[in-house]
Structure formats: structure tokens, C-alpha cells
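K.L.:
Structure, please.
(2 chains)
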Amino acid sequence: MKRFLLLLVLLGGGGYGFPALAEAKCDSKTGLPMSLPPDAPWSMQIRLEPSQVPLNAPFDARVTICSRSGDLPDRITVDATMPAHKHGMNYEPEISRADRHSFEVKNLLFHMPGVWRLVVTAFENNEPHRFIYEVTLQ
Amino acid sequence: MKSATRVWVLAALVFVTMGDWASNGRAAETSSELLLRDDEIARIIRHGPWPPPRRVDASNRVSGNMSAAELGELLFFDPRLSANRQIACSTCHDPKLGWTDGKARAGGLERLDRNTQSLFNVSGNRWFGLDGRNDTLWAHSIGPMLDSREMGATPDLVAKILREDQILNELYQTAFGVSANDRDPLDLLVDAAKSLAAFQETITTGRTSFDIFRDALEREDYKAANDYPESAQRGAALFVGRGRCNLCHIGARFTNDEFDDAGVPYFTGPGGVDPGRFEGIRQLRASPYNLLGRHNDSPENASGWATAQVAQTHRTFGQFKVPSLRQLVQTAPYMHDGSLKTLQEVVDHYSNIDLDRIHSDATPLLAPLNLTEQERADLVEFLKSLSTPVEAD
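P.N.:
You can find the predicted model right below:
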């Protein structure tokens, strides 16, 4: 019995419960990886909807936290800029939590062709971690 | 026939059958024969096709309705819709002047601070007004009627005209399915505006020499594409290349429907400043006629997401709407204050732009182009090719 309980604890992975419940399953369906800061407690993926971002028309995104060494972020903000011009979007996207590991971002809009840098800032106890994904629009 | 003569005749026959010379004196079998690189061709193709598919405004239940458009047309030219019974919508939006008034600044009951925008292809915009203070064409048709500086009307005045004029009353009944006598003045004002919008939706422009050129490029008919004048081809290359005009003037309508600072001063007079888009957003949010309000006929299909999510940042101060570049030959003068009289002046402005005038703490999108005289002429020719020919009176 004790061996069985010990096995359960080991499978539980450090006191967070079963790994299948602790982490989201990230694969090609959850999107593409975002570049992450060196001290990030998580990795993140983003799926753009549609995958081919339209120029000057609204589109959505789903952001998924894929792995973590700490608590899940309690909130995120999303913004985007054009590095060449240093201006941002003209609209503030609508953000909602889809489930424990992901957020829905609605009505992003890139109003110019060129390179856009999408930045997701995830907060852990008010400490920001910035994740970046670049999109080039023709 | 002597042998020497036979040789000459044969040579002549060979010469004539060899070439199929285009009007520029060159055959353009491949894109390399045009004055454009392949990447420039790809960018030019994105400015079409024209005309775009017709769109119905879901927020306006009489959008696309011909009876409403007929009612709207009558109202558009009716000076009774003003406090002094002398000013109609057509006073500033004259069809003979490209649906504008040919003046630098608009004037109704009083002189205003901005240029009158043309109504060509106005349907399908995301925002209306130089400051984008409205999110639908019908909402934007209300402001001039009620503004004390423009027409100075009231909902009661509009209601009176719709109820007492027999022709208008009958057209209203046909378009809306109810009697004007059974509607309150505010609802009649909004319905009048929706009829005006239905009419304005019909003000469109046709295909231009640029569109013929653009379509030929898309189907890789470079021989037909080479019929487009060389000067305009060079101008097109500048437009999508070094000029970077296509960053804001995108797509078939040559506008992204957003706002920017084009380096034109926003002072209206001594001590006066035009805040542009910054104030426009404030007015948009406060308007009872925006898409988030009760007059939207279909909130599920015309959601107003842009109105709900538009960002009023300090960057928007002094920004004005990026205009469409179609039919410019009829809509002089140009810019938000009508300060530039000709297309040549517009091109000169961008060629010599004063960066100190740009209200931006970011890297300016615009930079002086320092165009040669030929390049300026080429850009003007390109801009002219975005207009259909104007018939002489």
C-alpha cells in the first residue's frame, strides 16, 4: 500500500497533481510558439484565426500556456506595434479567458502592410512576462 | 519580277510578319518588358478588383432599397431641410463638382473649418467624417441636418416635411412600410437619414484606365498592360515603392479607412486647433446614433465592435481620415482643410514634407521624398488614372 501511494506521489510531479491536469496539451492545433523572455515561467503558443491574417480587417487569436514551472498567469494584455514605424493598433482587442490554460483575443486589426510585432504580456503576481510573435502582412 | 525586287519584297514581308508592336513601339510578352518589377506588379494587383461587390449596411434596414434611395434622393436636394429653407445636402455635395463644393472649407449657415468630403464610393467605409465621428453613413447624414452651422434643422422640421409633402409621405410609406404620421419626430429624422444613406450608396465610380491596367497585370496579359501610359507606370512604381503611399492608401479604394497625420497644419485660425480623430472618437462614443445604440437595425449583423474597441490615444490628436484616391480629378481642393489646390501641390507637399509639422513622437511614417520634376509628373499622371473621364457640360 505504501509503495502504491509513493508511486502516486511520484507520478503527481511535485505536488501539483497529475501532469495531465496541470498542463495544457500543446501541439500544432494550439498554434505556433511565441518567443519568450529568458526568465519566463511558461512557454506560450498562439493560434491566429484566420491563420492568414487579413490586412485591415479584424481577426482573432487564441493564446495557450503550454508548460509552466509556477502558477498560471492570472491575466494577460495584448498589443501590437509596427517596429519600423513605432505605432500600434488603432483598436484595443477584447480579451477573455477561454479555460485555465488559454485566452481568447478578439478583434485585433492590422491596418497597414508590413511587419507587426504582437506582444502578449502575461502577469504572474503582477510581474509581467512578454511573449512576442511577428506577422508580416503584404 | 526582277530578282533584286523579289528579295526586297520578301524582306518586307518578313519584317511585317515578325513583330506585333504595341502602341509604345515594344512587344510586352513578359513582365520584364514592362517598366515594373515583379514585386511592384504584385503590389499593384492588390489595388483591385474594381468595382468591389456591393455591400448592404445591415444596420440600415433600407440599405439597398430603391424606394428608400428614391426618397433619399429627393431629400438630398431639398432645401426645406434647413432652418432658412435655402440649404440642401447638395449645396455642399454638388454632383457637378464631384459631390463636393469646390471650396477649401465647407460653408452652410456658417463657414466651417474643414473641406467638404466627396460622396463618391462612400458606402463601405468603416468611419465617416474627416474625424471619423460616425460609424455608419446614415448616422453621418444626421449631423449636417442638425448642426447649427450647416443646415440648422430639427427633428420636428424633418418630420413636418415628411408628413405634409404628399410625394415624400407616400415614398416613406413604400420604403418603410408604415405611415410617417405614426412615427415620432426623432425616429423620422433617423429614417430620413437612412433614406439619404440609401441614396448615397448609389454614388459610385466606374472602371478607370488603372483598373484596366491592373486587371491585365493580374491575368498576365502584359501586352494589354503596356497600353497604360509609361508615365503612369512609373508613377505606379513610385506609389507602391519609394513613395510608400500604399501603406495607407491600400486596396481597391486606395484607403485603409483609418487616420493619420499628413503634415498639414491643424490650426484653424488664431488660437484655434482642430483635434481631428481625437475629438472624433469622443463624439463617436457620445453619439446616440452609433452602432451600439438603439437605432441600429441589426446589432447581430452590424456589431459595432470597432466603436466599442477604438483606442483614443494621444497619437490620434491632429489625425484625419486617409481619403480614397479615386476620382480625385473632380474633388479639388485637397487635404482636411482644402489647403492644396491641385494634385501637383499634393505631390509637392509629400515630396518636400516638413517633418517638424508631424505630430508624432514615433518614427514618422512619412519622409520627404525629394522627387525629381519627372517623378512628380509621373505620380500626378498615376493619380489621374484613378479617375474616370469627366464629361464636359
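K.L.:
use CA for all of it now, contacts and neighbours both
P.N.:
Fine.
K.L.:
Tell me how many other residues surround residue 120.
P.N.:
Defaulting to chain A. Residue A:120 has 22 neighbours, counted by other Cα atoms under 10 Å in any protein chain shown.
K.L.:
was after chain B, sorry
P.N.:
Residue B:120 has 21 nearby residues by other Cα under 10 Å.
K.L.:
before we move on, what about residue A:101?
P.N.:
Residue A:101: 18 neighbours (other Cα under 10 Å).
K.L.:
Might one say that it is in contact with residue A:62?
P.N.:
No: the criterion here is Cα atoms under 8 Å, and residue A:101 misses it with residue A:62 at 10.4 Å.
K.L.:
Alongside chain B, which residues does chain A contribute?
P.N.:
A:56, A:84-87, A:90-94, A:107, A:111-113, A:138 (Cα under 8 Å from any Cα of the partner chain).
K.L.:
quick one: the helix or strand where residue B:210 lies to chain centroid distance?
P.N.:
In this structure, residue B:210 sits in helix B:209-218 according to DSSP states H and E. Here helix B:209-218 is found 20 Å from its chain centre; the criterion is Cα atoms, centre = their mean, to the nearest Å.
K.L.:
Name the residues that touch it?
P.N.:
B:41, B:44-45, B:47-50, B:222, B:224-228, B:382, B:385-388 (Cα atoms under 8 Å, 6 or more residues apart in numbering or on different chains).
K.L.:
And the next helix or strand past it?
P.N.:
helix B:222-225.
K.L.:
Number of residues surrounding the residue in the stretch 101-250 of chain B positioned nearest to chain A?
P.N.:
As assessed by Cα to the nearest Cα, chain A sits closest to residue B:247 within the stretch 101-250 of chain B, at 5.5 Å. By other Cα under 10 Å, the residues close to residue B:247 number 20.
K.L.:
List the residues that contact it.
P.N.:
Here residue B:247 is in contact with A:112, A:113 (criterion: Cα under 8 Å, 6+ apart).
K.L.:
okay, it: pLDDT?
P.N.:
The model reports residue B:247 with a pLDDT of 95.
K.L.:
Likewise for the one 5 residues further on?
P.N.:
At residue B:252, the pLDDT value in this model is 97.
K.L.:
Next, work out how far apart it and residue A:60 are.
P.N.:
24 Å (Cα to Cα, to the nearest Å).
K.L.:
now do residue B:387
P.N.:
For residue B:387, the distance to residue A:60 - Cα to Cα - is 36 Å.
K.L.:
Next: residue B:293.
P.N.:
For residue B:293 relative to residue A:60 (Cα to Cα), the value is 25 Å.
K.L.:
Just give the nearest non-adjacent residue to residue 56, would you?
P.N.:
In the absence of a named chain, this looks at chain A. residue A:111 (4.2 Å; Cα to Cα, 6 or more residues apart in numbering or on different chains).
K.L.:
Sorry, I should have been clearer: chain B.
P.N.:
Per Cα to Cα, 6+ apart, closest to residue B:56 is residue B:63, 5.7 Å.
K.L.:
Comparing residue B:293 and residue A:60, which residue is more hemmed in?
P.N.:
Applying other Cα under 10 Å to residue B:293 and residue A:60 shows that residue A:60 carries more neighbours, namely 19 against 12.
K.L.:
what bridges to the more buried one?
P.N.:
Listed beta-bridge partners, residue A:60: residue A:49 (assigned using DSSP bridges).
K.L.:
got it, and residue A:44?
P.N.:
residue A:65.
K.L.:
Skip ahead from the lowest-mean-pLDDT helix or strand in chain A and say which helix or strand is next.
P.N.:
Of all helical and strand segments in chain A, the minimum by mean pLDDT, DSSP states H and E falls on helix A:19-22, at a mean of 41. Proceeding N to C from helix A:19-22, the next assigned helix or strand is strand A:32-33, under DSSP H and E.
K.L.:
Report all helices and strands that that next one contacts.
P.N.:
Applying 3 or more Cα pairs under 8 Å, 6 or more residues apart in numbering or on different chains; DSSP states H and E, we find strand A:32-33 packed against strand A:42-49.
K.L.:
Report how many residues lie close to residue B:355.
P.N.:
Residue B:355 has 15 nearby residues by other Cα under 10 Å.
K.L.:
That one is in contact with residue B:263, isn't it?
P.N.:
Yes: assessed by Cα under 8 Å, residue B:355 is found in contact with residue B:263 at 7.0 Å.
K.L.:
pLDDT value on residue A:26, please?
P.N.:
Residue A:26 is assigned a predicted lDDT (pLDDT) of 84.
K.L.:
quick one: it and residue A:66 touch, right?
P.N.:
Yes: distance between residue A:26 and residue A:66: 5.6 Å, which falls inside the contact criterion (Cα under 8 Å).
K.L.:
any common contacting residues for these two?
P.N.:
Joint contacts of residue A:26 and residue A:66 (Cα under 8 Å, 6+ apart) are residue A:45.
K.L.:
Could I get the contacting residues of residue B:304?
P.N.:
Counted by Cα under 8 Å, 6+ apart, residue B:304 has contacts B:135, B:290, B:291, B:292.
K.L.:
which among the residues you listed gets closest to chain A?
P.N.:
For the contacts of residue B:304, the nearest to chain A is residue B:135 (14.1 Å; Cα to the nearest Cα).
K.L.:
Does the closest one touch residue B:129 like I think?
P.N.:
No: using Cα under 8 Å, residue B:135 is not in contact with residue B:129; the gap is 9.1 Å.
K.L.:
State the distance from the residue nearest to residue B:384 when sequence neighbours are not counted to residue B:313.
P.N.:
Counting by Cα to Cα, 6+ apart, residue B:384 lies nearest to residue B:329, which is 6.3 Å off, once chain neighbours are set aside. Taking Cα to Cα as the criterion, residue B:329 is separated from residue B:313 by 34 Å.
K.L.:
ok, these two, which is more surrounded?
P.N.:
residue B:329 (19 against 13).
K.L.:
Phi and psi next, for the residue in the stretch 201-350 of chain B positioned nearest to chain A.
P.N.:
Nearest to chain A, among the residues of the stretch 201-350 of chain B, is residue B:310, at 4.4 Å (Cα to the nearest Cα). For residue B:310, the backbone dihedrals (degrees, to the nearest 10) come out as phi -60, psi 140.
K.L.:
what are the bridge partners for the closest residue to chain B within chain A, then?
P.N.:
In chain A, the residue that lies nearest chain B is residue A:91 (4.4 Å; Cα to the nearest Cα). Beta-bridge pairing of residue A:91 under DSSP bridges involves residue B:310.
K.L.:
I'd say it and residue B:309 touch.
P.N.:
Yes: contact criterion Cα under 8 Å: residue A:91 and residue B:309 qualify, at 5.3 Å.
K.L.:
higher neighbour count, these two?
P.N.:
residue A:91 (23 against 15).
K.L.:
would you list every one of the strands in chain A?
P.N.:
A:32-33, A:42-49, A:59-68, A:75-82, A:87-88, A:94-99, A:102-108, A:114-124, A:127-137 (DSSP state E).
K.L.:
Then the stretch 201-350 of chain B?
P.N.:
Here the stretch 201-350 of chain B has its strands, by DSSP state E, counting those that start in this stretch, at B:259-260, B:267-269, B:272-273, B:320-321.
K.L.:
contact partners of the third one?
P.N.:
In other words, strand B:272-273. Against strand B:272-273 from outside (Cα under 8 Å, 6+ apart): B:266, B:267.
K.L.:
And the average pLDDT for it is what?
P.N.:
Rounded mean pLDDT across strand B:272-273 is 91.
K.L.:
What strands line up against that strand, and which way round?
P.N.:
With DSSP bridges as the test, strand B:272-273 pairs up with strand B:267-269 (antiparallel).
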